[in-house]
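Peer 1: sequence first, then the predicted structure:
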Amino acid sequence: MIQPVVCEKKQIVLVGMSFYGDPFDSRAGWDDQNEIGHLWTRFMKFLSSHQSEIDAKSPPFYEVHIYTAETREIGKFEVFVGMEVDLTKIKMFPVELCLKVLPETQYAIFTFRGEEITTDWEKTLQDWLTTSGYASPYTYNFQYYDDRFKGLDRIGESVLDVYIPVVKIA
């Protein structure tokens, strides 16, 4: 089992775009033709034509999965893709974008390499939580895409970190 590194992170302010629903309705897994892939395409296209409006620190990029009661019942959840920003440096906040503020908290950071990225890493996170003495105080996790992630077409060469907020319970 992959073992995470646990560390404290300050508040993270993100600007980006969201999708709510079942992102795998049209295509399952790591595919640029499912709703998550379409969301990334829409966000990157917006960025390329509006870069002057946002003083963004990019990369890295973030993909935040936000779960609700509906997630277990019917498989719907929010997917947010974006990048970290300094709000004091944004000249104009485009109406097409939304803001997410992730709280200061501890995170368990799982690092997946190559084909591990396309496995059911959500199960890895849950399995670790059930035996680790930690619990997740929030209903989200996020994927952290920096220069180590080479793209879906080069997944075998890629590295991806997945962050899950945690608190010690034992």
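Peer 2: Good, I have the coordinates. Residues are numbered from 1 along each chain as shown.

Peer 1: in space, what's closest to the residue minimising distance to the centre of the chain - neighbours in sequence excluded?
Peer 2: What sits nearest the mean C-alpha location of the chain, by CA atoms, centre = their mean, is Glu63, with 2.4 Å. If the residues on either side of it in the chain are set aside, Glu63 comes closest to Gln143, at 4.3 Å by CB to CB, 6 or more residues apart in numbering. In short, each C-beta sits where N, CA and C put it, glycine included.

Peer 1: what strands flank the strand or helix carrying that neighbour, and is each parallel or antiparallel?
Peer 2: Using DSSP states H and E, the element containing Gln143 is strand 140-145. If you go by DSSP bridges, strand 140-145 pairs up with strand 56-66 (antiparallel), strand 159-168 (antiparallel).

Peer 1: Arg72 is in what secondary structure piece?
Peer 2: Assigned by DSSP H and E, Arg72 falls in helix 69-74.

Peer 1: how much space between Asp86 and Glu73?
Peer 2: 38 Å (CB to CB, to the nearest Å).

Peer 1: scratch that, Ala135
Peer 2: Counting by CB to CB, the gap from Ala135 to Glu73 is 21 Å.

Peer 1: comparing these two, which residue is more hemmed in?
Peer 2: Taking neighbours as other CB atoms under 10 Å, Ala135 and Glu73 compare with Ala135 leading, 13 against 8.

Peer 1: Tyr62 - how many residues pack around it?
Peer 2: The number of residues near Tyr62, taken as other CB under 10 Å, comes to 21.

Peer 1: residues in contact with it?
Peer 2: 12, 14, 16, 80-84, 142-145 (CB atoms under 8 Å, 6 or more residues apart in numbering).

Peer 1: before we move on, what about Phe112?
Peer 2: Per CB under 8 Å, 6+ apart, neighbours of Phe112: 2, 119, 121, 159-162.

Peer 1: between which two of those residues is the distance greatest?
Peer 2: Spatial extent of those (CB to CB) is set by the pair Thr119 and Asp161 at 15.0 Å.

Peer 1: between these two, who's got more neighbours?
Peer 2: Higher neighbour count among Thr119 and Asp161: Asp161, with 19 against 13, using other CB under 10 Å.

Peer 1: that older thread, and the strands paired with strand 140-145, which one is worst for confidence?
Peer 2: Sorting these by mean pLDDT places strand 56-66 lowest, at a mean of 82.
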